[in-house]
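Q: show me the folded form of this:
(one chain, ligands or ions: 1)
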Amino acid sequence: MPKNIIILTTGGTITGHKTAGLSSTYESAKLSFDEVFSPALKKLASKILNINIKITNILNIGSQDMNNQHLLKLAKQVQQASKQNDGVVIIHGTDSIEESAYFLNLVLKTSANIVLTGSMHTKDSLVFDGVANIYGALIVASSQNAKNLGVLAVFDNKIYSARQLYKTHSRSLGAFSGQIGMVVDNKAIFYFQSSKDHTLNTPFDIAQINKLAKVDVIYICADFNEKLYDFSQSDAVILCAMGNANLPKNALKTLSKLKILKVRTSRTNAVDISKDGEIDDEKFDFIRANDLAASKARILLMCALSQTKNAEIIQGFFDRF
Ligand code: GLU
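A: Have a look, this model is predicted:
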């Protein structure tokens with residue numbers, strides 16, 4: 001029996017086109033998805049993979065323009081689509097794909113396969129990776145092996161978990177980290193899985209979320225200029241701090257006066273932040289994001305704030321998701 005897979009498109013480089021000959025200048029989200037994944041290719045993929053494919057366009061943006069309204073719209077449409085299909089493939093720009101993927105991983109209430117993909121190069125490039133990535137994503141979206149692993153992403157036949165996915169290179173085809181599996185001979189194979197709870201096992205439900213809190217990210221550097229920041233519009237702040245999520249004294253002084261939630265993350269993206277290391281977390285009311293980078297800590301904090309402002313409960317969410 002063929003599986004039903006729906007492709008939801010949001011734009012990105014995969015539907016971008018070059019604006020200046022051989023240079024790398026281009027605009028995202030300029031072509032129709034049919035120009036990238038033609039009806040003939042769609043038919044071929046359906047036949048080889050024994051799946052029915054539908055395509056729906058929901059946004060036409062470069063993912064650097066993905067805002068909270070877009071994110072909610074995307075998640076609500078994916079939730080809806082997951083009710084009528086075995087799998088959903090989301091075509092997304094790669095710049096903010098790690099954020100959207102993690103949001104979906106936290107708020108979707110579905111056991112359907114949800115897979116994001118896109119491309120690093122435009123269709124007019126000799127090394128266009130779009131079609132192979134769509135093909136890989138269709139394989140994963142229809143695979144029994146991908147069940148219960150949370151939201152996934154596919155690039156260059158590598159399968160990534162939404163929880164661990166990060167874009168780590170600006171131009172290379174191998175631009176991502178967080179790989180947990182591989183597409184080999186039209187099959188999805190997994191080596192690892194994230195130990196963090198996701199989708200059906202989180203308290204966040206997209207059906208109940210209609211607005212997201214304003215959570216801002218502040219990058220902390222040497223000779224930090226605290227005067228540049230006005231937090232009056234922020235419901236909470238994520239600090240992309242140094243090393244073991246350390247902050248200079250002037251930043252600590254400014255933050256100690258703020259009555260909003262503050263989360264410490266590390267610029268190194270790779271540490272578990274020590275509680276009360278060089279910073280007294282209780283004194284400054286800091287929550288620690290553990291291994292989550294600032295981009296993802298912002299997503300989890302927005303979800304958390306849809307339920308509670310209690311710092312202890314939110315620390316529990318950071319420990320669990
Ligand atoms: N700015 C583009 C985007 O995120 C570039 C990245 C891409 O799609 O690969 O939409």
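Q: and the residue of the protein closest to the ligand?
A: residue 93 (1.9 Å; C-beta to the nearest ligand atom). For every residue, glycine as well, the C-beta is placed using N, CA and C.
Q: doesn't residue 28 make contact with that residue?
A: Yes: with contact defined as C-beta atoms under 8 Å, residue 93 reaches residue 28; the gap is 5.9 Å.
Q: so which of the two has more stuff around it?
A: Comparing residue 93 with residue 28 by other C-beta atoms under 10 Å, the one with more neighbours is residue 93, at 26 against 22.
Q: so how far is residue 47 from that one?
A: 29 Å (C-beta to C-beta, to the nearest Å).
Q: now do residue 99
A: Residue 99 is 35 Å from residue 47, by C-beta to C-beta.
Q: the more surrounded of those two?
A: Neighbour count, other C-beta under 10 Å: between residue 99 and residue 47, residue 99 has more, with 21 against 10.
Q: look at the more buried one and tell me its secondary structure.
A: helix (DSSP: H, G, I helix; E, B strand; the rest coil).
Q: quick one: contacts for it?
A: Residues near residue 99 by C-beta atoms under 8 Å, 6 or more residues apart in numbering: 66, 71, 295, 296, 298, 299.
Q: which secondary structure element contains the fifth one?
A: Under the criterion DSSP states H and E, the helix or strand holding residue 298 is helix 294-305.
Q: count the residues that sit near the nearest residue to residue 129 once chain neighbours are set aside.
A: Residue nearest to residue 129 in three dimensions, not counting chain neighbours: residue 119, with 4.8 Å by C-beta to C-beta, 6 or more residues apart in numbering. Here the number of neighbours of residue 119 (other C-beta under 10 Å) works out to 27.
Q: same deal with residue 204?
A: 21.
Q: could I get the pLDDT score of it?
A: Turning to residue 204, the model gives it a pLDDT of 98.
Q: for it, what are its contacts?
A: Per C-beta under 8 Å, 6+ apart, neighbours of residue 204: 106, 107, 303, 306, 307.
Q: most neighbours, which of these?
A: residue 106 (30 neighbours).
Q: residues contacting the residue lying closest to residue 247 once chain neighbours are set aside?
A: Nearest non-adjacent residue to residue 247, counting by C-beta to C-beta, 6+ apart: residue 241, 5.1 Å away. Counting by C-beta under 8 Å, 6+ apart, residue 241 makes contact with 220, 247, 264, 265, 266, 267.
Q: what helix or strand does residue 241 sit in?
A: Using DSSP H and E, residue 241 sits within strand 236-241.
Q: could you dump that strand to CSV, C-alpha only?
A: Extracted C-alpha coordinates of strand 236-241, given in CSV (Å, rounded to 0.1, in the frame of the first residue of the first chain):
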residue,chain,number,x,y,z
ALA,A,236,13.0,37.1,28.6
VAL,A,237,16.6,37.1,27.4
ILE,A,238,19.0,34.4,26.3
LEU,A,239,22.7,35.2,27.0
CYS,A,240,25.1,33.8,24.5
ALA,A,241,27.9,34.0,27.0
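Q: and the helix or strand following it, which residues are buried?
A: Per DSSP H and E, the first helix or strand lying C-terminal to strand 236-241 is helix 249-256. Applying a neighbour-count criterion of 16 or more other C-beta atoms under 10 Å, one finds 251, 252, 254, 255 buried in helix 249-256.
Q: helices or strands next to helix 249-256 in the packing?
A: Other helices and strands packing on helix 249-256, by 3 or more C-beta pairs under 8 Å, 6 or more residues apart in numbering; DSSP states H and E, are strand 236-241, helix 281-284.
Q: what does the stretch 51-200 of the chain put close to the ligand?
A: Contact residues (C-beta under 6 Å from any ligand atom) of the stretch 51-200 of the chain with the ligand: 62, 63, 64, 93, 94, 95, 118, 119, 120.
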